[in-house]
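Undergrad: okay, sequence plus prediction incoming.
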Amino acid sequence: MTSLLTPDTGFDVAAVRADFPVLQRVIHGKPLVYLDNASSSHKPRQVLDAEREFVEQHYSNVHRGVHTLSQEATDGYEAARSTVAAFLGAQHDEIVFTKNATEAYNLVAYSFGNAPVGSPFHLGPGDEVCVTEMEHHSNLVPWQMLCQRTGATLRWIGLTDEGRLDLSDLDELVNERTRMLAFTQVSNILGTENDVALLVAKARSVGAYTLVDGAQSAPHQVVDVHALGADFFVLTGHKMLGPSGVGVLWGRKELLDQMPPFLGGGSMIEVVQMGVSTYAAAPERFEAGTPVISQAVGLAAACDYLAAVGLDAVQAHEKTMTARLLDGLRSLPGASVLGPDTTEMRGSAVSFVVDGVHPHDVGQSLDDLGIAVRVGHHCAAPVCRRFGVPATARASSYLYNTEQEIDTLLEGITQVQAFWGTR
Amino acid sequence: MTSQAPSESMYQEIILDHYKQPHHKGLRDPFDVEVHHVNPTCGDEVTLRVKVDAGVVTDVSYDGQGCSISQASTSVMTDLVIGKPLPDALAGHEVFLALMQSRGTMEPDEDVLEDGIAFAGVSKYPARVKCALLGWMAWKDATAQAVAQEQEAS
C-alpha cells in the first residue's frame, strides 16, 4: 500500500480506486457513483484475496483439531483477532467476534439481563438505561427489550435542531440510577460526531457502564478504545471494507470475564456436565459455536488496508468531500440538510431532503444517473420523527470517492428537481 | 433525467398525475373500519377507511405519506374499488397483485385495471412493488374487517 501514497498529499485516491473492481461498473450507461458507504462499503482486492487465500489453503474449523489445517485456521483466526485489537488499541482477548454489530449490542444487553441479583451487571426496577435519540435501531431496540425484561426504565438524550445531542438535562438523564449509557460515536443518519469523553466522564461519575457504537466511526477515523475510556465498543466489518457477517465487540477484559454468557453452546464452555456447566473466559465465553472464521480473516485484511492508507488521510479526504457536499446543498434551492451544517465534529454521512420529491423518488431518479444513495429512515426512525420527515436521502462518502463524484451528485439533484417539476 | 431515463418505464405520466392530484384523498365519514398500514423498511404510511353497504364498496378514503408510487397507487385503487360490488373489487385486487408480481412479463388489461395498467413498469423494480401495494393491502385488510363486522351484526 505504501507505494500508493504520494508524498505531497499522503493520499492518492486514483490508486485507492484501482483496488476496488466494482468502481468500474457502469449503471444505466453511467459510471457508478457509490455514495451508500454508511450502509455498506465495497471491498478492495486485498481483502478478497486474503479471504480467498485463507479458505483455499488454510481453512478448517478452529480451536478443535490437532491436524495441520485446524492449527493453521486457528492461527489465522487468532491472528485476525490480534490485528483487530491493534487496530483499536486493544488487547487480544478483549476482542469478541460476532456476526454483526447488532449481535454485539444484543450480546451486552442479554448478558446484563442474565446477571443475577447481586451481580454488578444486574438490572431491575428502579435502575435506568440511557441512550440517545439519534441511535440506530440496533443500539436502541435491544435496550428497550432489556428494560422490558428487567423492569428497568429506558431514558434518552434528545436532539437539538442542529442535530446535536441536547445535553441541557444530562445531569437528570444520567444519574445514580443509571446502569448503562449506550450511545453512538457518529450518527449514521445525521453524521453528528458525539463528544465521547464528555459522555463517558458523566457516566463514570455516577457509576454507569458505557457502550459506544463505533459502526460509523471506526471505518473513518482513528479509534483507540482505551483512550476513549468507554467500557464497550462495537464495530461491523462490512462498513469498513471487510466482509459482511462479522462484527466486533470490544470490552474491558475484567468486565467480559465477569459477565454471564449470552449464547450457550460449543467453544464457550469449561466443564460440561448433564446438569450444569461452567464457562470459558472471554473472549471464548461469548463465541458459542463455530465462529465467523474466514470473515474475521477478511476483516483483519481490511484493518491492514485502512492502516496502510492511514485513517488520518482517509478522514481528511472525506472532510474535503463532505464540505463540498454541504456547501453544494446549502446553495441549492429546494434542498436542505438534516444534521450539522459544517464538518466540525461530523462524519461523512449527509442526509438531505429535496422539497416536493419523496426521498424514494430522489433515490430512484439518481439511480438513473448511476448514483447510489440510501433512502428511507436509515434504521433511525425516531430521528426522522424528531425532524418531521418521513424519510431522507443520504449520501455517504468513503476513501474511494472523489470530489468530482460529489459534483455529479449535486448536478444529479438538480436533474431530479427538473424531472419532478420542482425546479 | 432526459427522456431516456430508465426509471421512466416506471414513472408513467398517469402515475405522476395521480401523485400530484390524488383522487378521493382525505379521511371521510361515515366509515365502518379504519386501518393504519406502514411499510417498515421505508417509513411510508397510510390511514385508510372503508365503508361497505350490502356487499358494495360505497367509500374508501385515506390519508398518508409516501413516495409517488405508493401515493399514486392508492389513488388509482380508490377509482377501481369505490362503487364496485365486493367480489369485483377483490378480483381487481387479485389482478393488480398478479401484475405487480410479474416482473414485467404480464400485459395488463385496461378494462380491468384502468389507470392501474400504468404500474406494469413498477413490477420490474422489485424494491418498489411494496410501495405500489401499500394502499391495496390496507384496503384489503379494512374490507375484510368490515365484512366480518357485517357478518357479526347480522
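TA: Now that the structure is in, tell me what you want to look at. The model shown is predicted, which means the values in this text are computed figures rather than measured ones. Numbering: from 1, shown residues only, chains lettered A, B, ... in the order given.

Undergrad: C-alpha only now, for contacts and for neighbours.
TA: Will do.

Undergrad: so what's residue A:181 up against?
TA: A:129, A:130, A:131, A:174, A:203, A:208, A:209, A:210, A:211 (Cα atoms under 8 Å, 6 or more residues apart in numbering or on different chains).

Undergrad: among those, which pair sits farthest apart?
TA: Of all pairs drawn from those, the one with the longest distance (Cα to Cα) is A:174 and A:211, at 13.8 Å.

Undergrad: what about the longest helix along chain B, near chain A?
TA: Longest helix of chain B, by residue count under DSSP state H: helix B:126-153. No. In terms of Cα under 8 Å from any Cα of the partner chain, no part of helix B:126-153 sits within range of chain A; the closest distance is 8.9 Å.

Undergrad: how about the residues of chain A that lie near chain B?
TA: Taking Cα under 8 Å from any Cα as the criterion, the neighbours of chain B within chain A are A:28, A:357-361, A:364-365, A:368-369, A:375-377, A:381, A:390-391, A:415-416, A:418-419.

Undergrad: emit the PyMOL select command for whichever of these are buried.
TA: Only the buried members of the residues of chain A next to chain B end up in this PyMOL selection, burial being decided by 16 or more other Cα atoms under 10 Å in any protein chain shown:
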select buried, chain A and resi 357+358+359+360+361+364+365+368+369+375+376+377+381+390+391+415+416+419
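
Undergrad: residue contacts, residue 23?
TA: Went with chain A since none was named. Residues counted as contacts of residue A:23 (Cα under 8 Å, 6+ apart) are A:17, A:31, A:32, A:33, A:34.

Undergrad: my bad, chain B
TA: B:75, B:76, B:78, B:79.

Undergrad: swap in 6 Å and give it another go.
TA: Shown in contact with residue B:23 (Cα atoms under 6 Å, 6 or more residues apart in numbering or on different chains): residue B:75.

Undergrad: just the helices in the stretch 201-350 of chain A please.
TA: With DSSP state H, counting those that start in this stretch as the criterion, the stretch 201-350 of chain A has helices at A:225-228, A:253-256, A:293-309, A:311-330.

Undergrad: what of chain B?
TA: Listed from the start of the chain, chain B has helices (DSSP H) covering B:13-20, B:68-81, B:86-100, B:110-113, B:126-153.

Undergrad: mind listing what's buried in the shortest one?
TA: Buried residues in helix B:110-113, counted by 16+ other Cα under 10 Å: B:112, B:113.

Undergrad: hmm, back to that, could you dump the contacts of residue A:23 to a markdown table with secondary structure, distance to residue B:147 and pLDDT?
TA: Formatted as a markdown table, the contacts of residue A:23 follow (DSSP: H, G, I helix; E, B strand; the rest coil; distance: Cα to Cα, whole Å; pLDDT from 0 to 100):
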| residue | secondary structure | distance to residue B:147 | pLDDT |
| --- | --- | --- | --- |
| A:17 | helix | 60 | 98 |
| A:31 | strand | 53 | 98 |
| A:32 | coil | 51 | 98 |
| A:33 | strand | 50 | 98 |
| A:34 | strand | 49 | 98 |
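
Undergrad: just the buried ones from these, in ChimeraX syntax?
TA: Buried members of the contacts of residue A:23 can be picked out in ChimeraX with the line below, counting by 16+ other Cα under 10 Å:
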select /A:17,32,33,34
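
Undergrad: could I get the contacts of residue A:23 as CSV with distance to residue B:140?
TA: Written out in CSV, the entries for these read as follows (distance: Cα to Cα, whole Å):
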residue, distance to residue B:140
A:17, 50
A:31, 42
A:32, 40
A:33, 40
A:34, 39
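
Undergrad: tell me the two of the contacts of residue A:23 that are most distant?
TA: A:17 and A:31 (13.1 Å).

Undergrad: and the contacts of the lowest-mean-pLDDT helix or strand in chain B?
TA: Lowest on mean pLDDT, DSSP states H and E among the helices and strands of chain B sits helix B:110-113, with a mean of 90. Helix B:110-113 is touched from outside by no residue, with contacts defined as Cα under 6 Å, 6+ apart.

Undergrad: return the member of the helices of chain B having the minimum mean pLDDT.
TA: Taking each of the helices of chain B in turn, the one with the lowest mean pLDDT is helix B:110-113, at a mean of 90.

Undergrad: what subset of the contacts of residue A:181 is buried?
TA: The neighbour-count criterion (16+ other Cα under 10 Å) marks A:129, A:130, A:131, A:174, A:203, A:208, A:209, A:210, A:211 among the contacts of residue A:181 as buried.

Undergrad: which ones among those residues map onto strands?
TA: In this view, the buried ones among the contacts of residue A:181 that belong to strands under DSSP state E are A:129, A:130, A:131, A:209, A:210, A:211.

Undergrad: residue of chain A nearest chain B, please.
TA: residue A:376 (4.5 Å; Cα to the nearest Cα).

Undergrad: how much space separates that residue from residue B:53?
TA: When distance is defined by Cα to Cα, to the nearest Å, residue A:376 is 38 Å away from residue B:53.

Undergrad: what's residue A:353 in contact with, if anything?
TA: With contacts defined as Cα under 6 Å, 6+ apart, the neighbours of residue A:353 are A:335, A:336, A:392.

Undergrad: quick one: pLDDT of the spatially closest residue to residue B:102 that is not a sequence neighbour?
TA: Distances taken as Cα to Cα, 6 or more residues apart in numbering or on different chains place residue B:123 nearest to residue B:102, at 6.2 Å, with adjacent residues excluded. Residue B:123 is assigned 92 on the pLDDT scale.

Undergrad: so residue B:123 is in contact with residue B:103, correct?
TA: Yes. Using Cα atoms under 6 Å, residue B:123 is in contact with residue B:103, at 4.7 Å.

Undergrad: so these two - more neighbours on which side?
TA: Legend: neighbour count by other Cα atoms under 10 Å in any protein chain shown for residue B:123 and residue B:103, higher for residue B:123 (23 against 16).

Undergrad: that one and chain A, how far apart?
TA: In this structure, residue B:123 lies at 14 Å from chain A, with Cα to the nearest Cα, to the nearest Å as the measure.

Undergrad: what do you get for residue B:78?
TA: For residue B:78, the distance to chain A under the criterion Cα to the nearest Cα works out to 21 Å.

Undergrad: residues of chain B that sit close to chain A?
TA: Residues of chain B found near chain A (Cα under 6 Å from any Cα of the partner chain) are B:1, B:5, B:6, B:42, B:43, B:67.

Undergrad: double-check residue B:72 against residue B:17; I have them as touching.
TA: No. Assessed by Cα under 6 Å, residue B:72 is found out of contact with residue B:17, at 7.9 Å.

Undergrad: read off the pLDDT value for the residue lying closest to residue A:319 once chain neighbours are set aside.
TA: Beyond its immediate neighbours in the sequence, the residue positioned closest to residue A:319 (Cα to Cα, 6+ apart) is residue A:343, lying 6.3 Å away. According to the per-residue confidence, residue A:343 scores 97 in pLDDT.

Undergrad: burial count for residue A:343?
TA: When neighbours are counted by other Cα under 10 Å, residue A:343 registers 19.

Undergrad: count residues in the vicinity of the residue in chain B positioned nearest to chain A, would you?
TA: Taking Cα to the nearest Cα, chain A has its nearest neighbour within chain B at residue B:42, 4.5 Å off. Neighbouring residues of residue B:42 were enumerated by other Cα under 10 Å; the total is 22.
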